[in-house]
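No sequence on hand, only this structure:
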DNA sequence: TCTAAGATTAAAGCTAACTTTAAGGTCAAG
DNA sequence: CTTGACCTTAAAGTTAGCTTTAATCTTAGA
């Protein structure tokens, strides 16, 4: 398939796919006689992995290391494991933080909701600041 | 306190504090006769809130809206609530995603760990791809 | 008093992750 | 055979969130 079809399927701009290729995230890309890029169906899954990993907080640099693509038969095993473990720690830290963030948000919202609609807004703001301040 | 002291206390570069001020995140700042900025202790907490909110995924734009600082006595109440509710939804969505991410990571790590150390690394990579692919 | 540390500003620079632009080739349809 | 949609490249532009630089001023300390 051509880049436009792949882009539509993956929900990405063609420029973005070319960018990933330029960054070394998509191994070597076949070309037709006309010079057009030709992709196999597998590429779409690689794109999905890239996007998913990005959403999980991986940078393109990290993702490149997670998807060796090329030989590197030797050491990549350990590097891969280390990278994954580090990211797991990061994800868990983020989860812990989000639990607090969510609690803070809910507390602040409740506080504002239960105030008289005519109340002075500055009191609300003080409350917001106080709630956000006290939670962490 | 002067900007250097505040910066040290908050663990931020002075330039960053000036930047936040320029972006309207720190209301009006007092100045000494020499033109130096003079901060009250409260400012440190505002900085903490900014950093915490950033870590929670708020952009500086969003944070500015959460910390009105100035008058706006009228409509800011509703805007504030709407903004907070939207962010709560975002946080919860992120939490849901992280649960899956974490599960994927653990699965992938386990898969790699249980492989024979001498195994072909390409098999691992296939596994990594497969695991990441199948989870979402 | 001299000096070094730290303050000020405006403006320029940096990084990541893209998008847009410019200046072309290619191809299917009418 | 022309039109319009789609492809190519290299290079420049964009946004967020800062940092660095340059040129100048202030102040605390030996």
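Cool, the structure landed. Note that the structure is predicted; figures quoted are calculated from it, not measured.

Run the angle between the lengthiest helix in chain A and helix B:76-113 for me.
Longest helix in chain A, counting residues (DSSP state H): helix A:76-113. Comparing the axes of helix A:76-113 and helix B:76-113 via axes from the mean of the first three to the mean of the last three Cα atoms, to 10 degrees yields an angle of 160 degrees.

helices and strands around helix A:76-113, which ones?
Helix A:76-113 makes packing contacts with helix A:60-66, helix A:121-134, helix B:76-113, helix B:121-134 when contacts are defined by 3 or more Cβ pairs under 8 Å, 6 or more residues apart in numbering or on different chains; DSSP states H and E. To be clear about C-beta, it is placed using only N, CA and C from the backbone, and glycine gets the same treatment.

Name the SS class of residue A:28, please.
coil (DSSP: H, G, I helix; E, B strand; the rest coil).

That one and residue A:40, how far apart?
Distance, residue A:28 to residue A:40, by Cβ to Cβ, to the nearest Å: 12 Å.

With residue A:114 instead?
From residue A:114 across to residue A:40, the span is 58 Å (Cβ to Cβ).

Neighbour count for the two, which is higher?
Remark: of residue A:114 and residue A:40, residue A:40 carries more neighbours, 12 against 7, as counted by other Cβ atoms under 10 Å in any protein chain shown.

Let me see the contact set for that one.
Neighbour list for residue A:40: residue A:30 [criterion: Cβ atoms under 8 Å, 6 or more residues apart in numbering or on different chains].

State the distance from residue A:50 to DNA strand D.
Going from residue A:50 to DNA strand D by Cβ to the nearest atom of the strand, to the nearest Å gives 18 Å.

is it fair to say that residue lies in a strand?
No: assigned with three-state DSSP, residue A:50 falls outside any strand and is helix.

residues near it, how many?
25.

Low-confidence stretches in chain A?
Applying pLDDT under 70 to chain A picks out residues A:55-57, A:68-77, A:79, A:94, A:97, A:115-136.

Now do the contacts for the residue of it found nearest DNA strand D.
At 2.5 Å from DNA strand D, residue A:4 is the closest residue in chain A, using Cβ to the nearest atom of the strand. By Cβ under 8 Å, 6+ apart, the contact list for residue A:4 reads residue A:14.

ok, 10 Å please
By Cβ atoms under 10 Å, 6 or more residues apart in numbering or on different chains, the contact list for residue A:4 reads A:14, A:17, A:36, A:37.

So which of those residues are in strands?
Counting by DSSP state E, the contacts of residue A:4 place residue A:37 in strands.

out of the contacts of residue A:4, which is most surrounded?
Ranked by the number of neighbours (other Cβ under 10 Å), the contacts of residue A:4 place residue A:17 first, at 23 neighbours.

That residue reaches residue A:51, doesn't it?
No: counting by Cβ atoms under 10 Å, residue A:51 is not a contact partner of residue A:17; they are 11.1 Å apart.

and for these two, which residues touch both?
residue A:10.

what number of residues lie near the residue nearest to residue A:91 when sequence neighbours are not counted?
Distances taken as Cβ to Cβ, 6 or more residues apart in numbering or on different chains place residue B:102 nearest to residue A:91, at 5.0 Å, with adjacent residues excluded. If you count neighbours by other Cβ under 10 Å, residue B:102 ends up with 17.
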